[in-house]
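Colleague: 3D, please:
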Amino acid sequence: MSALLQSASTAPDLTGHNIVLAPMEGVIDAPMRRLLTGIGGYTRCVTEFIRVGDVLLPEKVFFRLCPELETGGHTEHGIPVYSQLLGSEPDALAKNAVRAAQLGSPGIDLNFGCPAKTVNKSMGGSILLRTPSVVADIVRAVRDAVPADIPVTAKIRLGYDNSDALGDIVQGIRDAGATELAIHARTKFDGYKPPAWWANVRPVVPNGDLTTYINGEIWTIEDSVAARQASGCTHIMLGRGALAAPDLALRIAAAAKGESVTPIAWLDVSHLVEAQFLRSDSQSPRHIGNRTKQWLAYLKRSYTEAPELFGRIRKMHSVQDIQKAFSEHRDWLATQE
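Modeller: I've put the predicted structure just below:
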């Protein structure tokens with residue numbers, strides 16, 4: 001399987017067309033970042049959100065959610081990992097951003113996009129889009145607090161219940177000094193329901209802009225082209241699409257250069273899934289297999305064989321049973337040839 005993984009010595013050269021691996025709470029954690037950046041195509045990752053209240057968090061919190069801080073804030077494949085902060089108190093967010101930078105984070109990302117009810121109820125994530133001035137105040141406080149060479153980026157949605165304030169939100173973020181901005185082309189109330197309204201982003205993206213990323217409903221190379229064309233963005237951010245097709249970023253990056261990459265075969269993907277299960281999803285007796293099942297649910301979108309494996313392990317909760325299911329699944333694959 002090592003042939004699927006790129007060298008750890010250098011990050012890919014994708015000048016002019018960046019692909020960021022999106023933060024996905026409870027799904028894209030450090031082991032998944034390691035795996036996906038090993039396959040290739042990504043220029044940056046963002047951690048799951050670090051929840052900030054009104055206090056300075058202990059260092060252990062940052063290391064737990066971003067263990068890459070132990071290796072200079074990069075995955076072992078050389079891809080930088082920005083620490084994402086979520087909260088509503090500008091001063092507290094600024095202090096925690098400084099701590100993340102001091103610990104070696106190569107960049108700070110601010111979460112204004114999470115639609116989860118529990119997060120919104122505590123004044124975090126997309127609920128802040130109802131008050132563009134607060135969003136700008138947070139960005140400005142963090143930008144002013146961290147060293148000038150540390151990028152400060154933000155992730156938003158089109159708005160809370162509509163996109164009427166998108167222009168004000170975006171302008172405030174830019175005026176506050178954000179380095180880059182990722183826009184998930186749906187409102188909070190849209191959730192993850194198709195479609196993503198890429199064209200709604202176009203009015204806030206100046207011609208020639210190189211600082212805005214489009215996100216949402218990018219599942220294929222064709223989607224990546226359509227999203228960029230409709231939104232006016234040069235760059236993209238991949239979330240669920242990265243889980244549905246682990247080599248999607250690599251293939252999109254190749255296509256942008258006029259090249260092509262053969263998609264990873266399901267047999268190889270099944271080995272990646274099993275290795276990931278053993279690495280990160282087999283340690284806690286209460287949660288054995290949960291993230292593997294979640295990943296397989298996404299993989300069903302791209303691979304017709306995935307439902308068979310998902311069906312085998314769906315009700316299993318032991319390492320031995322799940323490993324046996326992987327082996328039996330591959331025996332089944334051999335009978336389909």
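Colleague: S270 is in contact with E308, isn't it?
Modeller: No: using C-beta atoms under 8 Å as the test, S270 is too far from E308 to be in contact (10.1 Å). (Each C-beta comes from the backbone N, C-alpha and C, glycine too.)
Colleague: which ones are touching Q294?
Modeller: When contacts are counted by C-beta atoms under 8 Å, 6 or more residues apart in numbering, Q294 touches V27.
Colleague: kindly report the same for D161.
Modeller: Contacts of D161 by C-beta under 8 Å, 6+ apart are 187-189.
Colleague: per-residue pLDDT, G26?
Modeller: Looking at G26, its pLDDT reads 84.
Colleague: tell me which element it falls in.
Modeller: Using DSSP states H and E, G26 is not contained in any helix or strand.
Colleague: and for the residue nearest to it when sequence neighbours are not counted, the neighbour number?
Modeller: Using C-beta to C-beta, 6 or more residues apart in numbering and skipping the chain neighbours, the partner closest in space to G26 is E48 (7.1 Å). Residues contacting E48 under the criterion other C-beta atoms under 10 Å number 20.
Colleague: just to revisit the earlier point, for H235, state which of the contacts of D161 is nearest.
Modeller: Nearest to H235 among the contacts of D161: T187, at 21.5 Å, using C-beta to C-beta.
Colleague: just to check, the closest one is in contact with D164?
Modeller: No: using C-beta under 8 Å, T187 is not in contact with D164, being 10.1 Å away.
Colleague: for the two, indicate the residue with more neighbours.
Modeller: Taking neighbours as other C-beta under 10 Å, T187 and D164 compare with T187 leading, 20 against 10.
Colleague: and that one, its phi and psi?
Modeller: Backbone torsions for T187, taken as degrees, to the nearest 10, come to phi -80, psi 170.
Colleague: contacting residues for it?
Modeller: For T187, the contacting residues are 126, 157-163, by C-beta under 8 Å, 6+ apart.
Colleague: do you know how far it is from H329?
Modeller: Distance from T187 to H329, counting by C-beta to C-beta, to the nearest Å: 39 Å.
Colleague: one more: Y82?
Modeller: In this structure, Y82 and H329 are 36 Å apart, going by C-beta to C-beta.
Colleague: comparing those two, which residue is more hemmed in?
Modeller: The neighbour count for Y82 versus H329, taken as other C-beta under 10 Å, is higher for Y82 (25 against 22).
Colleague: and the more buried one, what are its bridge partners?
Modeller: On the basis of DSSP bridges, Y82 takes part in beta bridges with V46.
Colleague: possible to save the contacts of T187 as CSV with distance to D149?
Modeller: Shown next, in CSV, are the contacts of T187 (distance: C-beta to C-beta, whole Å):
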residue, distance to D149
S126, 29
R157, 29
L158, 31
G159, 32
Y160, 33
D161, 38
N162, 37
S163, 33
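Colleague: returning to that earlier point: state whether the residue nearest to G26 is indeed within a strand.
Modeller: No: the assignment for E48, made by DSSP: H, G, I helix; E, B strand; the rest coil, is coil rather than a strand.
Colleague: that one touches A22, doesn't it?
Modeller: No: look at E48 against A22 with C-beta under 8 Å: they stay out of range, at 10.4 Å.
Colleague: name the strands paired with the helix or strand D109 falls within and say parallel or antiparallel.
Modeller: If you go by DSSP H and E, D109 is part of strand 108-112. Next to strand 108-112 in the sheet, as set by DSSP bridges, lie strand 81-86 (parallel), strand 152-157 (parallel).
Colleague: quick check: next helix or strand after the worst-scoring helix or strand of the chain on mean pLDDT?
Modeller: Lowest on mean pLDDT, DSSP states H and E among the helices and strands of the chain sits helix 117-121, with a mean of 86. Sequence-wise, the next helix or strand downstream of helix 117-121 (DSSP H and E) is helix 132-145.
Colleague: what residue ranges in the chain score low on pLDDT?
Modeller: Flagging of the chain using pLDDT under 70 yields the residue ranges 1-16.
Colleague: now with 90?
Modeller: Across the chain, the ranges flagged by pLDDT under 90 are 1-17, 25-27, 116-123, 279-287, 337.
Colleague: quick one: which of the contacts of D161 is nearest L86?
Modeller: K188 (14.0 Å).
Colleague: which residue packs closest to that closest one, ignoring adjacent ones?
Modeller: Among residues not flanking K188 along the chain, S126 sits closest, at 3.9 Å (C-beta to C-beta, 6+ apart).
Colleague: against S270, how distant is the one you found?
Modeller: S126 is 36 Å from S270, where distance means C-beta to C-beta.
Colleague: so those two - more neighbours on which side?
Modeller: The neighbour comparison of S126 against S270 (other C-beta under 10 Å) goes to S126, with 26 against 20.
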